[in-house]
Structure formats: C-alpha cells, structure tokens
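**Student:** missing the sequence, but the structure's below:
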C-alpha cells in the first residue's frame, strides 16, 4: 500500500500519533490552550470535532468508549456535587507537564478538595 508516496509493506504495524493530531493547528484553533468550550456547541450540546480521536479510529477503535465515558461522567459528577476543587496556595498546573510512555500521562499535581455545604 502506498500513502502520500510512502510504501507500507503488508503486515506493517502502523500507529497514529494522536499527540500530534490533537495539537495540529489545521484542526484546532489555539491547540496549546486548554479550552474545554471548544467541545460544546449551542445550548451545551457536546461536539465531536474532526481531528478528535481519544479512543482511536477505524476497525481498532476502543470498544469500551461508551462505558469509559459513562463511568467518567458518573465519577466526576459525584466529585463535583460534593467538593469544590482548588489549587493549593502558590501552586499551578501546567498542561505541558507530562511523562512519555505508551500513552502520555500527566505528572502528579496537588488539588484541595473542599467539601460543599
């Protein structure tokens, strides 16, 4: 198979560079800026923009996507109902502070969970 002039032999394992895709300015305005609003349309409707593939694409996409999204929603809704999350005084979080591996993971950071009354 040839893609963009590159020959890919049969049996070759091809992995997408999702880090690059998710930070590509052709798909995203200000890709280096944390902006969750980019995923919300009119009246809070959740959008799935082209170029956003956190669970993969094609035949080998993550079959657990729906379960993962449901579990995350339940978990974070419960946390946000019970607590206000704050940074400790004088602390910051950088979206660029992560560790490379099979997947990129954020480095540890501190949060204060303040119970809601």
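**Tutor:** Nice, I can see it. This one's a predicted model, so the numbers in the text were calculated from it and none came from an experiment.
**Student:** give me the number of residues near residue 3?
**Tutor:** For residue 3, the tally of surrounding residues (other CB atoms under 10 Å) stands at 8. In this view, the C-beta of every residue, glycine as well, is placed from N, C-alpha and C.
**Student:** Quick one: residues in contact with the longest helix anywhere in the chain.
**Tutor:** Counting by DSSP state H, the longest helix found in the chain is helix 65-82. By CB atoms under 8 Å, 6 or more residues apart in numbering, the surrounding residues in contact with helix 65-82 are 55, 62, 85, 113, 115-116.
**Student:** try 6 Å this time
**Tutor:** By CB atoms under 6 Å, 6 or more residues apart in numbering, the residues outside helix 65-82 that reach it are 55, 116.
**Student:** The chain: helices as residue ranges?
**Tutor:** With DSSP H as the criterion, the chain has helices spanning 18-21, 65-82.
**Student:** which one of the ones you listed is the most hemmed in?
**Tutor:** Greatest average neighbour count among these goes to helix 18-21 (a mean of 14), per mean count of other CB atoms under 10 Å.
**Student:** Distance of residue 79 relative to residue 6?
**Tutor:** Using CB to CB, to the nearest Å, residue 79 is found at 45 Å from residue 6.
**Student:** okay, and the helix or strand of this structure with the least pLDDT?
**Tutor:** Least confident element among the helices and strands of the chain, by mean pLDDT, DSSP states H and E: helix 18-21 (a mean of 83).
**Student:** how far does that helix sit from the chain's center?
**Tutor:** Averaging C-alpha positions (CA atoms, centre = their mean, to the nearest Å) puts helix 18-21 10 Å from its chain's average.
**Student:** Does it pack against any helices or strands, and if so which?
**Tutor:** Under the contact definition 3 or more CB pairs under 6 Å, 6 or more residues apart in numbering; DSSP states H and E, helix 18-21 sits against no other helix or strand.
**Student:** Give me the contacts around that helix.
**Tutor:** By CB under 6 Å, 6+ apart, the surrounding residues in contact with helix 18-21 are residue 51.
**Student:** Stretch 22-34 too?
**Tutor:** Contacts for stretch 22-34 (CB under 6 Å, 6+ apart): 51, 95.
**Student:** now the strands for this protein?
**Tutor:** 2-3, 6-7, 83-86, 98-99, 105-106, 112-115 (DSSP state E).
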